[in-house]
Each structure stands twice: as C-alpha cells, then as structure tokens.
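# coordinates only, sequence not included:
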Ligand SMILES: Cc1cc2nc3c(=O)[nH]c(=O)nc-3n(C[C@H](O)[C@H](O)[C@H](O)COP(=O)(O)OP(=O)(O)OC[C@H]3O[C@@H](n4cnc5c(N)ncnc54)[C@H](O)[C@@H]3O)c2cc1C
Ligand SMILES: Cc1cc2nc3c(=O)[nH]c(=O)nc-3n(C[C@H](O)[C@H](O)[C@H](O)COP(=O)(O)OP(=O)(O)OC[C@H]3O[C@@H](n4cnc5c(N)ncnc54)[C@H](O)[C@@H]3O)c2cc1C
Ligand SMILES: Cc1cc2nc3c(=O)[nH]c(=O)nc-3n(C[C@H](O)[C@H](O)[C@H](O)COP(=O)(O)O)c2cc1C
Ligand SMILES: Cc1cc2nc3c(=O)[nH]c(=O)nc-3n(C[C@H](O)[C@H](O)[C@H](O)COP(=O)(O)O)c2cc1C
Ligand code: FES
Ligand code: FES
C-alpha cells in the first residue's frame, strides 16, 4: 500500500557542499514509512491554475527521483530526506523553495525490517548515510547500541553526522579519504579493525554507499560469518514494479531482482554488486 | 541591438484574476527599451550548479514567451511586464517567486515611435492595455493629453487601469462587456462616439487587443481619416527574425511581414487582421 | 456526465482509456492508487512463449521529455502467466488485453492457442514492433509481407479479437496497417516506441548494451499523433492511439485524430493516477463542448 | 585549450559547431550576441530558385521539449541571395554553407550553377529532406534511387563540397546515406526534422494547414543520435550531426557517436548564445578528459 501525496516543503537547507536536507509535509506517507524504504519525488511539478489541479504541464524532467526516507516526524506529518546533487533532477530539487508543493509517491520498497534487540554495525559511504538515520534512531531507542562506521570524502561532509551524534547509545567511528577528520583512509579499513575486536558482539552488518564499498563490506562480513543487509541504487522509472527497469542480477543467476519492489534492501548474498 | 540578460524578479503580484504584474532587474534592457517593444522570457530557467552556469537543464517548455514592456525604471535598472495567464508558459511564469532568476532577451521589435506632440487616442481590449502604459506615460509627460479608451470583460479587470489613473493629463474612458463598470458594451462603440466628437482633435489612433477588435478600430479610424498604429501578437520562436514563424499577411499580399522584426507595431493598413 | 463507452474492435470498453503494455505491469502494481477495472482496458506486459530474463545492463535512460527503455520483454512466460497471474487478474474484473511477442510465426501461434482456452481475456494485442529484442519484434513491424503472413496465422488460430501493435520506425506506416487489414486484424494499436539511443559521455560508450533502445513519453507525441491520423484514415480498422499522452488534452487530440481508444504508457511512471484524471478530463471536455458521447468526436480533425 | 579545428568534407572549420539551416537566418539576426565568424560554420536558411512565400496559417507549435514548424522554405530566392545577402555575409568572414532545395533535379542544378561563380561559399548543403513542402523535399529523401540521381547531378555541376542533408523519416537511413556516397557526396548532414503533427482541441482541426509539420528540438535527440551513430559507421563520409542538441553534453554525444561536426538548430531560439557555451563546453570536456584535439574523440562510442 502506497500513496501519491501532494506534499509541501516545510524546511530546506544545505548541510554540506552539494548536500541538502529537506522536510516535506506528507501526513500519509510519513505515518506509514519504515527505515530503508524510499519515496519517488516529482522534482519539478507545476500547479495548473486553468484546470485548478496539480497537473502535468511540464514534462521535463519526466521521471520522479527515488530518495530514501531520512527521518520522519509522524506527529507533524513530516518526512525528511537528505540528498546529494548529482544531476539535473537533484539540482532542480535543490532549487525548490520552502512552501513549494511536490508530488511524492511512497512508502516504496522493502526496508530493513530488523528484529528488535539486534546488535548492528552500520557502515556508510558518503551520502549512503541517508537511509541509515531512521534505522539508527529506532535501534538506539531500542537500546541496541548500534555502531556506525561512516566514510566521507573529507571533513566538509562530517556535518552529515550531526543528527546521529544527538542519538543516545550510538557509537560513531569516522573515516575520511583525505584524512581531514577521523581515520585517514577507507571506511572498510575501519570495518576490518572493528570486526577484529567486536565481531562477537554484533549480529549483523547493514551498509549503504558506493557498490564497490558495499562489495568489500559484504566480503569482510561474510568472512566474519555475519549476515549483511545492504541498500542498492538503480535507475528507476516507476518505483513500484511496473516497468521492470531497475534490475539487479541475483547471485543465483536465475532471474533478475527489481530494486524497487524486491529491494532496495537486500541480503548481502542475494544480489551481485558492480565494482 | 539586443541583449540576452539574466534578470532577477524583484516584484511579482496578482492584480486581477489571471493577471500579474512583474518587475525584473534588467539593467541593460531597461535602459534601452522603447514603448511597444517586447522581451522574450524564459519562464522556467534553472541554475546548473555543477557547471556553475545558468544553463540548459530543463527543456520543457522549450521556447521563450514574448511579452511587451509595460513600464521601465531605468534608474533602478528595472523593467515591468503585465501579463495574463493563458497557457502553460504564463502559468509557470506566474508561479515564479520574487528572487528567481530569469533569462530575458530584449529589446525586441519595433515600437510605437510617435512624434513628439502628437495627439493620440489609445484603444485597448483586455490585457492589450499592457503595451500602452509606457507609451501613455511618455505621451502624458510630453503634455500630449492622450485619450485612453479601455475595454474589459468586467470590473475585476479595472484594476489594470490603476497606473494610468496616476498619470497627469490622461483622459480615460472605460467599457465593460458585462456593464459592471463604465460603459456597458464594446470599446469600439466608445471609440465611435469618441470620434464623432473628438475626431478633429487627434492625429492618430493606437490600438492593442484582440484582432477582431483591432479590425473594427482600423475601420472606424480609416473612415475618420486617421492613421492607426496597432500591436499584433503571433506565435514566436526566436523573436529576432531567424525562424520566420511569426508571419502576418501584408495587405498588399506581396509577401509576409514578420511580427518580431517588422512589428509587433504595424500601421493599420500594413497587415491583414484575423477575425 | 457524457457517455464514455466505446467499442474497440469488438471489445466493449467502459471508457476509452487503456494502460499501454509494459508500463502498468499486470495491473496489480498500481492498485494502491487505481484499480484495473477503472480503466477502459488493461493491456498487460508483453508475454512470450518461454520465460524471458530481459536485457542485461542499463535498462532505462531519461531524455528530454522522454524515456529510453531497453527492457527486452522480461516476462514469466505464457504458461506461468496463465496459471499464476491470470486467475488473480480475473478477480479484478478488468477488460484485459494480452500483449504477445514471438521469435517466429509458430511461437505467436502457439501462445495464441494456449490463450484460447482461457477465461477473462478480452482480446490479443500482437506486438510486431518491439525494438528491444533481436529476433521477431521489429523485424515483422517494418515488413508488410511478413506482417500479413503472421497476422493471418494468428487470426486463423483464435476467435479473440486480434489487435496488431505497429511500429513508427518505418517510412510509411499505412502500408503495414493495410497489410494487417488484409490479414483480418480487428484493430490496430499504435505507436510502439521510436528507435533511439544515448551515449554516456563519461564512459564514452552507448548507455545500453543493445545500443538502440525505445523512446517513449511526451517527446514522441507529435510523431504518434501523425501516425494515428494517417492510419485511421487509411484503413477501416479501429485504432488504439498511444505515444506520449500526458494529460487529457493529449488524449482528446488522439481521439480527434481518429483513435477509438487511447493508451497511457510512460505517463503512469510520472503520474500514477494519470488514467483517472484523463478519464475525468475527457468527460469534462465533452460536457464543455456539448457532446453526448466520446464517439461523437472521433476523427473530427480529419481533412 | 584543446584543438577544436576539424576538417568537414574538405571544409576547414575553426570549431565543430555550426548553425543549422533555417534556425539562424542569414547570420545577421543573432549578431547582437554572437558573430557568425565565431561559429565553425554558418549554414544559411534554405534557398530555392524562385522566391518562396512559405506556408500559410500557423507556422510554429511548441510540443514537449520540441517545436513543430511548418515554415515551408520562405526565402528570397537564389538571385536575391547572391546579389543582396551574400556580399554582406562575405564581410562577416564566416565559413558559409548554402542550403539549397528544389522541386526537381533541374532546379537543384540551376541553383548550384548560379552559386558556382560566387566567392565566399565554403560548400553546399543539399536539402532532400524538408517535410514542409509539397514537391521535391522529402520525396527525394525517402528514395535511394532519386537521391542517387539528384546527388550525382549536383556533384557533377560544381566543385564546391557537396553535403547532403538526410531525413529521419525512413525505415533505414543508411540506405539513403549509401546512395549519397555512391553519387559522390563529400559529406552528410543529419537529421532534418521528424514528421509530426498537432491538433487544436478547441478548433478540432490540425494546427497546421499542411497537417504534418517538422519536429525539432531536444525531444528528437535520441532519434538523431541513433541516425548519426548508424550512418557514420555505414559510410565513409564525414557527418555533421544535429537534432535536439541543447547543451555541450549533447554535442559530445554526437561526436562520440561519430559526427565530425555538429549543428545547433532549435536551441538557438531558446538560448541565443548556445553556440558559445557549447564551444566552450566541448573545450573544457576535452581538457578534463585529457584529449588534445576534438578529432580524438570522434566515434569513440562505436561498437
Ligand atoms: C531506492 C533509492 C534510494 C535513494 N536514496 C537516496 C538518498 O537518500 N539520497 C540521495 O542523495 N540519493 C539517493 N538515491 C540516488 C538518487 O535517486 C539519484 O542520485 C538521483 O536519482 C539522481 O538524479 P539526477 O537527476 O540528479 O541525476 P542524473 O544522473 O541526471 O539522473 C538521470 C537519470 O538517472 C537516474 N539516476 C541517476 N543516478 C541514479 C541513482 N544513483 N539511483 C537511481 N537513479 C539514478 C535518475 O533518476 C534519472 O532518471 C537513491 C536511489 C534509489 C534507487
Ligand atoms: C510581441 C508580443 C507581445 C506580447 N505582450 C504581451 C503582454 O504584454 N502581456 C500578455 O499577457 N501577453 C502578451 N503577449 C502574448 C503572450 O506572448 C502569450 O499569451 C503567451 O506566449 C502564451 O504562452 P502560454 O505558454 O501561456 O500559452 P500557450 O497557448 O500554452 O502557448 C503555447 C505556445 O503558443 C505561443 N502563444 C500562445 N499564444 C500566443 C500569443 N497570443 N502570442 C504569441 N505567442 C503565443 C506560446 O509562445 C507557446 O509557444 C504578447 C505576444 C507578442 C507576440
Ligand atoms: C518500460 C516500457 C516497457 C514496454 N514494454 C512493452 C511491451 O512489453 N510490449 C509492447 O507492445 N509495448 C511495450 N512498450 C511500449 C508501450 O506500450 C507504448 O507503446 C509506448 O511506450 C508509447 O507510449 P507512451 O509514450 O505513452 O509510453 C513499453 C514501453 C515502456 C516505456
Ligand atoms: C524553424 C525551422 C526552420 C528550418 N528550416 C530549414 C531549412 O530551410 N533547410 C533545412 O535543411 N533544414 C531546416 N530546418 C531543420 C534544421 O536545420 C535541423 O535539421 C532540425 O531543426 C533539427 O535540429 P534541431 O533539433 O537542433 O533544431 C529548420 C528547422 C526549424 C526548426
Ligand atoms: S523502477 Fe519500475 S520496476 Fe523498479
Ligand atoms: S519569431 Fe522567429 S522570425 Fe519572428
């Protein structure tokens, strides 16, 4: 069950170079979405005054953009997203002012669905941290003491951790490619070290980031006999399983998985990662 | 000589149902544009952050929209337009917030170029009043005591006259189709009456509005031996004479005139009007 | 409220708005916002004799007001469809058209025969125009002889209404339409996607493994409208018009151009409730213009 | 700064970016913001033997990311061009290509002969693909035999480089390209506009008096790119690629697809300084990617 809801941007700010946080009033979606699920956003809607409806008068860009839920505030009927500007869709989104109305489909896809009380290590690369906040919040409030290992290109991205720092019971470790903050190197090196000491204390690894990074995470976790949940990105048109465009090759090579309905969260041994 | 200038909306307000007034900071165009000329506006530009330029990332709607200059304030480097929402281009324009940047080409076309001291009767229908304000302002300041006969559908459009009322030396007569303000009937009836008393006191008629109205104006003025200048609208792509799309049949039937470079202001006996 | 019912090629439709094959799954995907039975007809994803994995590599690429796709007819195969999907579809009470593709005449005929015994099917849409598979598909769609032969065979092997889906990637689409008419087709649907491609300027190679892909969406509407206008006048068959329909005004254009019904494809991705607002928009238009039935405006733009 | 010079069909161009015929007037219209000599080449508005008034009725209609036009080759005729316009053009020091159209072979040849004695012409672009005129134009562009005959005659009547402008409205564009090659053409330019139409739902009739019109702009880019990719590999002639180029990324796509030069059409209406920013963008791309010359990336996407 998902909705196509007409939301309104209630807050929009840049939090790091090319990275934005946006809150959207979406009463229905925000009260039914779970960590790891996503929404499909029309970045460039326009209100048709003549027909008095929010209608199809601009057709470029044509497709919606899939973005994970970053946080929700069900009382306010508000959902937030954290996104990076990478192409024209996200550029247009970034230029939308507070008060602008946007059409949003959601909740879409399968989220993380972890059991209560699980001990989890979360591993993120860059903007891959976005889908992990709502999960961390749940885990932290369940007193699970999640570990977060976050990799960034440099210190200017460290602000993405702000909300995580405010959670109780979070253990946060940081790596940057340029060494400008935290460990100088890759987050997968952090994970390696982490696993060598803490392997026994966790039940599972959850990861989101570039596929080449997630691939290493899966390798490391598998060697440590830990299951992995990961969140993949694919180009999407429909977001609901209708177009069959968002394929992931399954590890068993039998058939394709579709990121929008079979994922975006998969088991580490379910789909082939590129890189 | 025209410019392609990146302007910024400094003021934007609705003044009547579907009718808007917009001021745009355009230092170059606003100091070189004359009454009756027009600008060609990109209603839906977008700033390309990646390339750091105001670039071509949205291609729908593709074409700019031609709009006459309504007023200028050269000291402020500001140009204003008054426009009616009729289709998607003007709808999108109407939803642009103050502060938004817009690409604008201008000054384009041939304006009214009246001699100083000419005694003129201006006849407008609906939003056709827009190109007449800057002209009226010039005429009034030259102490020419212009007469304005304005036709509207109903009293809710009468607010379009606000600025005209503030000019000194303007004689304003008003007609509405529904009789809700001024004379109950067509502005061409007003003109007929006007000519029967004032014909001797004026040198010329200037008109802008629906072609069927302008056609009647030309007939009436011709019978009164008065020359007419009129401003026509055509679908335009380039606005500068390059696409040859904005044709008006010339009265001599020899060749086509092009509204963007031969007009939009023509003599009443130059082009065939539809209707 | 105007009368929106149409009879398309012997298929009674409660309104003229169908979903286009491959863009609406099997009808369940959009059930959260629209039920298949609200549509004039549901045209299901293209089916082949054996299951097909579809194409490798990138399958989607957005272009200006358009979408390039290279799905390659991923589908569970006709048997799985009949056994697993069709029974659920019957519950929906939708007017269901089955879109079929094959690598040769025999495959088309075999699929048809398998469907012959099934309940809950309103008609067949024979896809001879898929640009994304190597065999069959577009090979037929550009050749009047092959088209005639294939359509005749399918026609002879079923009593379902036979609709043939045409490709715009030809010099003269009316030739293919005429071949379908001669072969006994009951109706035509057009257009399928327009052949196009894209290049990744970072990788410096075509975006799609197959190089060429199918262009759909508002970008192609002028092309589709011309095809419908021409074909609906060139043959005596009813036409389901599609290609770039984005709002009700577009749908009206197709009907004025001669289409009996229309289908919505790519717009579903952008606006999952498009069918509802387009049905409503057609109704309002008819009222505003003073027509009692949508049948009264069909082909009004013919010259 | 990378080397942007290309040799297109024997015509040296200072950069690979030309203006497309009919979208840049005779070069003077945009002089306020860009001088014709900044372009790699200026391709002038299509010329015919006698002056042509062009089509009646609506000539322009905006579509999704596209433009339908039905100008109908309005032009002052070849004599007026030679006497009144060409002398001024020579002053601009632009690389000038003359786009010519005729109703039959003889007209094309006669225009060519008139141009033979003129200074300041870099080459001829033979338009066999205009969808907006009744005789000549597209009749040639869809028929390899007629194309071969016409191009041979033009080829034999001039020593100017002969570029033939192809239509996308065919089943297989490479057939026409091959006919041009056999006939001795020096280069090809493609694509001309795609045939399409629009209907006015208030008037309930086609927007254009001619019914069909030519679609251009970003909407058609995927179609154009595919044509360039195919043709540049099917023949040994250099190709000037065009159709929907909107920014430098698009231009790069065409060059990677095999184009030696590119032309900007409809984008000029939306962005009159597009040529400048596209030339700059190509330069930056080459630097970023480490290429010394634009010639080094031509056809890199070929498979
Ligand atoms: C389930 C899911 C969740 C996501 N969550 C987030 C998030 O929380 N924050 C965030 O910053 N990004 C997220 N992404 C990635 C985001 O969708 C892309 O960055 C975005 O679509 C790029 O659009 P664009 O127009 O700016 O880029 P362009 O490259 O110009 O886009 C062109 C086309 O490619 C598609 N596309 C390009 N990159 C991607 C991609 N990585 N994934 C999917 N489609 C892509 C676009 O949808 C569009 O159709 C998520 C992607 C998926 C699939
Ligand atoms: C020289 C000139 C001056 C103008 N000045 C004004 C003015 O001061 N105030 C004002 O409200 N309007 C003015 N117009 C009309 C204005 O340009 C159109 O209303 C506007 O282009 C409609 O665009 P749209 O997208 O909202 O409508 P749509 O009908 O959706 O437009 C579709 C297409 O048709 C074209 N088009 C539609 N109607 C017209 C028209 N009447 N004239 C030209 N192109 C049209 C559009 O440019 C677009 O390409 C002027 C037109 C011209 C030619
Ligand atoms: C993702 C996608 C998948 C498609 N799959 C099929 C298919 O399986 N069979 C078919 O006949 N047409 C298929 N089509 C073509 C559409 O049914 C339709 O003819 C085309 O997209 C034009 O309509 P539109 O512009 O409204 O999308 C597909 C189109 C898209 C975009
Ligand atoms: C208004 C207009 C007029 C055109 N006139 C001509 C012409 O006279 N001769 C010609 O060969 N092509 C003509 N064309 C086609 C263009 O040169 C070009 O091939 C086509 O528009 C595709 O490029 P684009 O998408 O960049 O516009 C014209 C195109 C437009 C839009
Ligand atoms: S995005 Fe359409 S099936 Fe996944
Ligand atoms: S709008 Fe292009 S010539 Fe007038």
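Received it, and whenever you're ready, just let me know what you need. None of these values were measured; they are calculated from a predicted model. Numbers count the residues shown, from 1 in each chain, chains lettered A, B, ... in the order given. Ligands and ions are numbered 1, 2, ... in the order given.
# quick one: the helices in chain C?
For chain C, applying DSSP state H gives helices covering C:78-80, C:86-92, C:105-116, C:138-141, C:144-156, C:173-182, C:221-234, C:248-256, C:267-270, C:274-289.
# go through the ones you listed and name the closest to residue B:142.
Residue B:142 sits nearest to helix C:248-256 of all the helices of chain C, at 47.1 Å, using C-beta to C-beta. Placement of C-beta: from N, CA and C, glycine included.
# could you give the average pLDDT over the closest one?
Across helix C:248-256, the average pLDDT comes to 97.
# which strand in chain A has the most residues?
Ranked by residue count and defined by DSSP state E, the top strand of chain A is strand A:3-16.
# what lines up beside the helix or strand following that one in the sheet?
Next helix or strand after strand A:3-16 toward the C-terminus (DSSP states H and E): strand A:19-25. Applying DSSP bridges to the sheet, strand A:19-25 is found paired with strand A:3-16 (antiparallel), strand A:78-84 (antiparallel).
# for the longest one, which positions count as buried?
Translated: strand A:3-16. Across strand A:3-16, burial judged by 16 or more other C-beta atoms under 10 Å in any protein chain shown covers A:3-7, A:9-10, A:12, A:16.
# out of those, who's nearest residue C:109?
Closest approach to residue C:109 among the buried residues of strand A:3-16 (C-beta to C-beta): residue A:4, at 40.9 Å.
# name all residues that make contact with the residue of the stretch 101-250 of chain C found nearest chain B.
Relative to chain B, the nearest point of the stretch 101-250 of chain C is residue C:218 (7.6 Å; C-beta to the nearest C-beta). Listed by C-beta atoms under 8 Å, 6 or more residues apart in numbering or on different chains, the contact partners of residue C:218 are A:59, A:62, B:60, C:65-66, C:244, C:246, C:250, C:266-267, D:63-65, D:219.
# kindly report the same for residue C:300.
Shown in contact with residue C:300 (C-beta under 8 Å, 6+ apart): C:256, D:204-205.
# which parts of the stretch 51-200 of chain A are helices?
Taking DSSP state H, counting those that start in this stretch to define them, one finds helices in the stretch 51-200 of chain A at A:88-94, A:132-141, A:162-165, A:187-198.
# among those, which is nearest residue C:183?
Closest approach to residue C:183 among these (C-beta to C-beta): helix A:88-94, 44.7 Å.
# tell me the helices and strands packed up against the closest one.
When contacts are defined as 3 or more C-beta pairs under 8 Å, 6 or more residues apart in numbering or on different chains; DSSP states H and E, helix A:88-94 sits against strand A:19-25, strand A:65-68, strand A:78-84, strand B:46-48.
# follow-up on the earlier one: please tell me which one of the contacts of residue C:218 counts the most neighbours.
In terms of neighbours by other C-beta atoms under 10 Å in any protein chain shown, the contacts of residue C:218 top out with residue D:219 at 37 neighbours.
# quickly note the distance from that residue to ligand 6.
Here the criterion is C-beta to the nearest ligand atom, to the nearest Å. By it, residue D:219 lies 19 Å from ligand 6.
# OK, contacts around that residue?
Applying C-beta under 8 Å, 6+ apart to residue D:219 gives the contacts B:59, C:64-66, C:218-220, C:222, D:63-66, D:244.
# looks like residue A:201 contacts residue A:121 (just checking).
No - using C-beta atoms under 8 Å, residue A:201 is not in contact with residue A:121; the gap is 9.1 Å.
# which one's more surrounded, the two?
residue A:121 (27 against 10).
# list the residues that contact the more buried one.
Residue A:121 makes contact with A:146-149, A:191, A:194-195, A:198, A:202, A:204-206 under the criterion C-beta under 8 Å, 6+ apart.
# how near is the closest residue in space to it that isn't next to it in sequence to chain B?
In this structure, residue A:121 finds its nearest non-sequential neighbour in residue A:147, 4.5 Å apart by C-beta to C-beta, 6 or more residues apart in numbering or on different chains. For residue A:147, the distance to chain B (C-beta to the nearest C-beta, to the nearest Å) stands at 34 Å.
# surely residue C:292 meets residue C:5?
No - between residue C:292 and residue C:5 no contact is recorded; they are 11.4 Å apart, counting by C-beta under 8 Å.
# counting neighbours, go ahead and name the busier of these two.
With neighbours defined as other C-beta under 10 Å, residue C:292 and residue C:5 compare such that residue C:5 has more, 14 against 10.
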